[in-house]
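Q: Coordinates for the following, if possible.
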Amino acid sequence: MFGMFLGAIYSIPPIRTKQNPFLAGITIATVRGFLLNFGVYYAVKDALGAPFAWSPKVSFIARFMTAFATVIAVTKDLP
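A: Residues are numbered from 1 along each chain as shown. Presented below is the predicted three-dimensional model:
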């Protein structure tokens with residue numbers, strides 16, 4: 001639900017975070033970096049009935065991909 005909300009405020013007026021490069025970058029990095037990796041992993045674990053437990057590997061990849069997505073989001077519009 002949070003990812004859908006961020007996608008909506010990225011595109012739908014009156015907020016449209018994609019008009020501001022900083023807000024667009026934060027929105028993209030949050031969805032592609034954190035929510036995609038961390039959220040999907042734990043959603044699948046829950047769907048399979050596995051107990052919730054913090055995983056250092058998932059934490060690392062979520063942080064790494066958030067940083068990677070931030071760099072892509074910031075530099076994607078450079079000439």
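Q: Roughly how far does the residue nearest to the spatial centre of the chain sit from residue 69?
A: The centroid of the chain falls nearest to residue 31 when counting by C-alpha atoms, centre = their mean (1.9 Å). Distance, residue 31 to residue 69, using C-beta to C-beta, to the nearest Å: 8 Å. Where you see a C-beta, it was placed from the backbone N, CA and C, and this is true even at glycine.
Q: Equivalent analysis for residue 44, please.
A: For residue 44, the distance to residue 69 - C-beta to C-beta - is 20 Å.
Q: Which residues does stretch 66-79 contact?
A: 21, 24, 25, 26, 28, 29, 30, 32, 33, 34 (C-beta atoms under 8 Å, 6 or more residues apart in numbering).
Q: Pretty sure residue 10 sits against residue 25.
A: No - using C-beta atoms under 8 Å, residue 10 is not in contact with residue 25, being 10.8 Å away.
Q: ok, these two, which is more surrounded?
A: residue 25 (21 against 17; other C-beta atoms under 10 Å).
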